[in-house]
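In: Attaching a predicted model along with its sequence, questions to come.
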Amino acid sequence: MKKNIILSVCLFTMQILRILISLFAAILVLIFVGSLVNDFPLQENLLEIQSLVLNDSSGLQLHELQTTNKWLLYVIIFQNLLTLTLLFSILGYGIGIIRNIQRNKTFSKPTINAFDKVSQLAIILFFVKFIKLSPIKVGIGFEFSYLFLAFGAIILTQVFKEGHRLLKENELTV
């Protein structure tokens, strides 16, 4: 019973995070479209939410949009959209894993494949975030959290493969 409550809370949280990522991506697309048009009519409204999307320690501030090199701006927005897309996909696979566990299909091939995909996407995400871009400077930075996520998913893939093998062996024994 307690397992189902924990899994349900995790599932709900992951679905909320996917909605938030979709919202952030929509805001990013709005900023991109606004930057294509030389007028920035929505700038006043977007100033309040800019810290949610593009503001990390070296991130892009909205008042810098009009003074930033257009191509660099497009690369920064593309990098952020790619990051959000990868996170959205990782959460989708996580939701699939939780649903399989709830259905008592824990050591099934879809669960193993989902862990494998999460590890691949996390490695791609590590390399996407490897280059730090801002209007002022371009640098290299390591975000090890994505690498740890990838290693954890690789380990869980192997654990679930072994569990799947033992389950199949047990079915043949009985």
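Out: It's in.

In: distance of N104 from L7?
Out: As judged by C-beta to C-beta, to the nearest Å, N104 and L7 stand 11 Å apart. Every C-beta, even on glycine, is put in place using the N, C-alpha and C of the backbone.

In: Could you check which of those two is surrounded by more residues?
Out: Set side by side, N104 and L7 show more neighbours around L7, with 15 against 8, by other C-beta atoms under 10 Å.

In: Would you list the phi and psi of the more buried one?
Out: L7 adopts backbone torsions of phi -60, psi -40, taken as degrees, to the nearest 10.

In: Surely it is in contact with R103?
Out: No. L7 is not in contact with R103 according to C-beta atoms under 8 Å; the separation is 10.5 Å.

In: what's the spacing between stretch 23-37 and its chain's center?
Out: 18 Å (C-alpha atoms, centre = their mean, to the nearest Å).

In: which of the residues in it are buried?
Out: For stretch 23-37, a neighbour-count test (16 or more other C-beta atoms under 10 Å) marks 24-25, 27-28, 31-32, 34-35 as buried.

In: And for stretch 148-168?
Out: Neighbour counts over stretch 148-168 (16+ other C-beta under 10 Å) mark 149-150, 153-154, 156-157, 160-161, 164 as buried.

In: Make CSV from these and add pLDDT, distance to L20 and secondary structure to it.
Out: Putting those into CSV (pLDDT from 0 to 100; distance: C-beta to C-beta, whole Å; DSSP: H, G, I helix; E, B strand; the rest coil) gives the following:
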residue, pLDDT, distance to L20, secondary structure
L149, 93, 18, helix
A150, 94, 22, helix
A153, 95, 22, helix
I154, 96, 27, helix
L156, 95, 25, helix
T157, 95, 27, helix
F160, 95, 28, helix
K161, 95, 32, helix
H164, 94, 33, helix
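
In: of all these, which comes closest to T173?
Out: The closest of these to T173 turns out to be H164 (C-beta to C-beta; 15.0 Å).

In: Can you tell me what sits against stretch 99-118?
Out: Applying C-beta atoms under 8 Å, 6 or more residues apart in numbering, the contact partners of stretch 99-118 are 4, 7-8, 11, 89-90, 93-94, 96-97, 149-150, 153, 156-157, 160-161, 163-164, 166-167.

In: Dump the C-alpha coordinates for it into PDB.
Out: Output of stretch 99-118 as PDB, limited to C-alpha atoms (Å, rounded to 0.1, in the frame of the first residue of the first chain):
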ATOM      1  CA  ARG A  99       3.600   2.900 -14.600                       C
ATOM      2  CA  ASN A 100       5.300  -0.400 -15.400                       C
ATOM      3  CA  ILE A 101       6.300  -0.900 -11.700                       C
ATOM      4  CA  GLN A 102       2.700  -0.100 -10.700                       C
ATOM      5  CA  ARG A 103       1.400  -2.800 -13.100                       C
ATOM      6  CA  ASN A 104       3.800  -5.300 -11.600                       C
ATOM      7  CA  LYS A 105       5.900  -5.400 -14.800                       C
ATOM      8  CA  THR A 106       9.000  -4.200 -13.000                       C
ATOM      9  CA  PHE A 107      11.600  -6.400 -14.800                       C
ATOM     10  CA  SER A 108      10.100  -6.200 -18.200                       C
ATOM     11  CA  LYS A 109      11.800  -5.300 -21.500                       C
ATOM     12  CA  PRO A 110      10.000  -1.900 -21.700                       C
ATOM     13  CA  THR A 111      11.400  -0.900 -18.300                       C
ATOM     14  CA  ILE A 112      14.900  -2.000 -19.200                       C
ATOM     15  CA  ASN A 113      14.700  -0.100 -22.500                       C
ATOM     16  CA  ALA A 114      13.400   3.000 -20.700                       C
ATOM     17  CA  PHE A 115      16.300   3.000 -18.300                       C
ATOM     18  CA  ASP A 116      18.700   2.600 -21.300                       C
ATOM     19  CA  LYS A 117      17.000   5.600 -23.100                       C
ATOM     20  CA  VAL A 118      17.300   7.700 -19.900                       C
END
